[in-house]
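Student: Sequence first, then the predicted structure:
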Amino acid sequence: MKRILRNTFAALGMAAMATSAMAADWTPPGPIKLMIAFAAGGGADTQARMIAEELEAAKGWKIIPEQVTGKGGLNAVKALQGEAKDGTAIAMIVTETLGYNLAAANAGDPSIATGITTTAGSQMAVVALASKGYKTLSDVIAAAKGGEKIRFGTMSPSLADLAYVIGKENGVEFNIISVRGGKAVMNGLNAGDMDIGFGAGIQAKAVKAGDMVELASAKSGPLAGTPDAPNLSEFGVKFPNDTMFMIAGPGGMDPAARDAIAAAIAEVLNADGSKAGGFINKAFGGVDLRSGAELDAFIQDAYNSAGGLLEASAQ
């Protein structure tokens with residue numbers, strides 16, 4: 001038995017080395033289409049285009065960005081399904097696309113796409129203008145219980161459900177306003193059309209300037225800019241939002257292409273003076289790279305746990 005196990009591990013090791021070697025030698029057989037599942041001009045779109053520019057400069061690859069928006073990234077995933085699996089078609093989405101959004105749409109399982117690498121986590125927080133006078137989410141809940149109508153801006157179906165659950169768990173009812181993209185939430189807050197809203201990192205500059213306040217972390221951990229902000233778990237909410245930005249390919253993508261693109265993105269984001277890396281550090285709290293089996297497990301876990309939020313929001 002020991003000999004069999006040794007032979008098995010040796011075979012696995014040789015397979016991993018072979019895949020790594022193929023990835024090191026890989027070059028795209030043509031221009032790479034980069035589908036961006038976010039509105040032009042936002043933080044996700046900006047980081048995707050910066051990464052494309054730096055990959056072109058570092059690797060000589062031709063990358064053609066294009067917007068393929070809608071349905072929380074599922075339109076981009078659907079478009080990937082009709083593309084070659086050789087690395088010439090990739091998309092910037094979020095892990096939530098293959099988690100909550102896929103589960104809610106009953107549109108298959110995460111194997112319909114291939115996770116290549118994450119680029120950054122999101123600094124998902126409940127935010128408000130500092131001029132509103134709220135210090136934490138407790139103040140908002142107290143105001144709502146006192147009769148104030150609180151308009152809560154969200155930019156995805158899962159966040160709309162999360163906003164509903166926050167209210168339900170704390171005995172209040174928010175007026176939930178769904179818009180397209182984090183920039184639209186920020187615009188709604190600044191225009192006075194919303195009282196509070198979710199920000200995934202786009203709020204960082206305003207928070208640093210003192211113009212906005214992060215009232216609570218929607219992540220499972222602390223926020224980079226406001227580490228003392230309470231977590232939603234303190235308000236009885238069991239569903240943290242640990243969404244990460246991710247580059248994905250078609251389901252069944254060539255492993256060598258997957259590994260080579262992941263390695264190339266890691267290289268440019270970690271390079272000294274990387275504009276894309278610098279932007280991600282400022283806007284999203286830092287580069288966070290996950291690939292291979294670790295990313296596969298993260299995506300599958302997000303998909304498996306999406307049912308809890310869906311069930312709670314339906315009650």
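Tutor: Received, thanks.

Student: Mind jotting down where the strands sit in the stretch 151-300 of the chain?
Tutor: 151-154, 175-178, 196-199, 212-217, 244-250 (DSSP state E, counting those that start in this stretch).

Student: These into CSV, with extra columns for mean neighbour count and distance to residue 78?
Tutor: From N, CA and C alone the C-beta is placed, and that goes for glycine too. Below are the strands of the stretch 151-300 of the chain laid out as CSV (neighbours: other Cβ atoms under 10 Å; distance: least, Cβ to Cβ, whole Å):
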stretch, mean neighbour count, distance to residue 78
strand 151-154, 24, 23
strand 175-178, 17, 21
strand 196-199, 28, 25
strand 212-217, 25, 32
strand 244-250, 25, 11
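
Student: Rebuild these as CSV, extending it with distance to residue 114.
Tutor: As requested, these are exported to CSV (distance: least, Cβ to Cβ, whole Å):
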stretch, distance to residue 114
strand 151-154, 29
strand 175-178, 29
strand 196-199, 28
strand 212-217, 30
strand 244-250, 4
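
Student: Take these and lay them out in a markdown table including distance to residue 184 and mean pLDDT.
Tutor: A markdown table is the format used below for these (distance: least, Cβ to Cβ, whole Å; pLDDT from 0 to 100):
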| stretch | distance to residue 184 | mean pLDDT |
| --- | --- | --- |
| strand 151-154 | 8 | 98 |
| strand 175-178 | 9 | 98 |
| strand 196-199 | 9 | 97 |
| strand 212-217 | 15 | 98 |
| strand 244-250 | 18 | 97 |
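
Student: what's the domain layout of this structure?
Tutor: 2-122+242-314, 125-235 (automatic domain parsing).

Student: Out of the ones you listed, which gets the lowest mean score?
Tutor: Lowest mean pLDDT within the domains of the chain: domain 2-122+242-314, at a mean of 89.

Student: Pull the number of nearby residues for the residue nearest to residue 45 when sequence neighbours are not counted.
Tutor: Distances taken as Cβ to Cβ, 6 or more residues apart in numbering place residue 38 nearest to residue 45, at 4.9 Å, with adjacent residues excluded. For residue 38, the neighbour count with other Cβ atoms under 10 Å is 26.

Student: Let me know the secondary structure of residue 309.
Tutor: Three-state call for residue 309 (DSSP: H, G, I helix; E, B strand; the rest coil): helix.

Student: Verify the assumption that the residue nearest to residue 45 is located in a strand.
Tutor: No. Using three-state DSSP, the assignment for residue 38 is coil, not a strand.

Student: how much space between it and residue 173?
Tutor: 30 Å (Cβ to Cβ, to the nearest Å).

Student: Got phi/psi on the nearest residue in space to residue 166 that is not next to it in sequence?
Tutor: Once flanking residues are discounted, residue 166 sits nearest to residue 237: 5.6 Å by Cβ to Cβ, 6+ apart. The phi/psi pair for residue 237 (degrees, to the nearest 10) reads phi -100, psi 120.

Student: Show the pLDDT at residue 237.
Tutor: pLDDT, residue 237: 95.

Student: That one against residue 163, yeah?
Tutor: No. Applying Cβ atoms under 8 Å as the test, residue 237 and residue 163 come out as separate, 10.1 Å apart.

Student: Among these two, which residue is more densely surrounded?
Tutor: Using other Cβ under 10 Å, the more surrounded residue of residue 237 and residue 163 is residue 163, with 25 against 21.
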